[in-house]
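Q: Model the following, please.
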Amino acid sequence: MRIPSYTLLLLTLLSGHPSSAQSSPILSPVPAGSFHFDGTWDCTGKFRSGKTHKAAFVGTTILDGKWLELTEQDIEPATGYLAKYLIGYDTQQKRLVEFDANNFGAATYSSVEGWKDSVLTMTSPIADAPNSSYAANRFIYSITSPNTFTIDWQISKTSTLVWLQSDHLDCKSALPARRQTF
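A: This next block holds a predicted model:
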């Protein structure tokens with residue numbers, strides 16, 4: 001009996017050689033160390049247009065610490081923008097995913113790297129809709145101290161991903177200074 005070459009290749013790949021997907025670590029939605037998103041955050045910054053952006057965020061770690069929930073309510077401009085962001089690990093895709101549900105629409109983002117040097121970059125898929133105002137966008141969460149973090153929203157108008165700053169927020173804990181634990 002002759003076994004087709006593609007069958008031999010498949011058998012070789014499956015015969016006890018662990019795939020890189022099986023050996024990849026589970027990425028945490030929360031950064032390592034003493035920083036915690038739990039609590040209320042006052043955020044101020046600017047849009048690309050130069051207009052002021054103020055928002056209140058509430059962070060909560062949910063589902064046994066497997067997911068991070070961030071809720072945003074814009075204060076200025078007073079558009080009524082409300083959003084719920086859920087960040088967690090997808091075991092099928094082997095990456096962090098973010099679900100962005102807001103009162104103007106919804107979006108999804110992902111990261112194969114997770115938190116690197118206190119920075120998490122969550123990127124959308126590239127859109128192929130010709131009338132879209134941008135091809136892709138991403139959120140960059142950066143921890144700047146035990147009581148502060150920033151959020152940058154960037155867009156790329158082309159699928160070659162040339163990033164333009166669209167929004168920047170500096171967020172400070174609305175609670176008294178947190179104690180660092182090591």
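Q: Find the residue closest to the spatially most central residue of the chain in space, skipping its chain neighbours.
A: Nearest residue to the geometric centre of the chain (C-alpha atoms, centre = their mean): Met122, 3.6 Å. Distances taken as C-beta to C-beta, 6 or more residues apart in numbering put Tyr109 closest to Met122, at 3.7 Å, once the chain neighbours are dropped. C-beta: built from backbone N, CA, C; applies to glycine.
Q: For that neighbour, which residues are in contact?
A: By C-beta atoms under 8 Å, 6 or more residues apart in numbering, the contact list for Tyr109 reads Val97, Glu98, Asp100, Met122, Thr123, Ser124, Arg138, Phe139.
Q: Give me the residues contacting stretch 155-175.
A: Contacts to stretch 155-175, defined as C-beta under 8 Å, 6+ apart, come from residues 39-48, 53, 55-57, 126, 133-138, 144, 147-154.
Q: Pull out the buried residues from the residues you listed.
A: Among those, the ones that count as buried by 16 or more other C-beta atoms under 10 Å are 41, 43, 45, 53, 55, 57, 135-138, 147, 149-154.
Q: Mind checking which of those residues are in strands?
A: 41, 43, 45, 53, 55, 57, 136-138, 149-154 (DSSP state E).
Q: Show me which of the residues you listed is closest to Trp67.
A: Closest approach to Trp67 among those (C-beta to C-beta): Phe57, at 15.7 Å.
Q: Can you tell me who the closest residue to the closest one other than its chain neighbours pairs with across the strands?
A: Closest residue in space to Phe57, ignoring its immediate chain neighbours: Trp41 at 4.1 Å, by C-beta to C-beta, 6+ apart. Counting by DSSP bridges, Trp41 is bridged to Phe57, Ser173.
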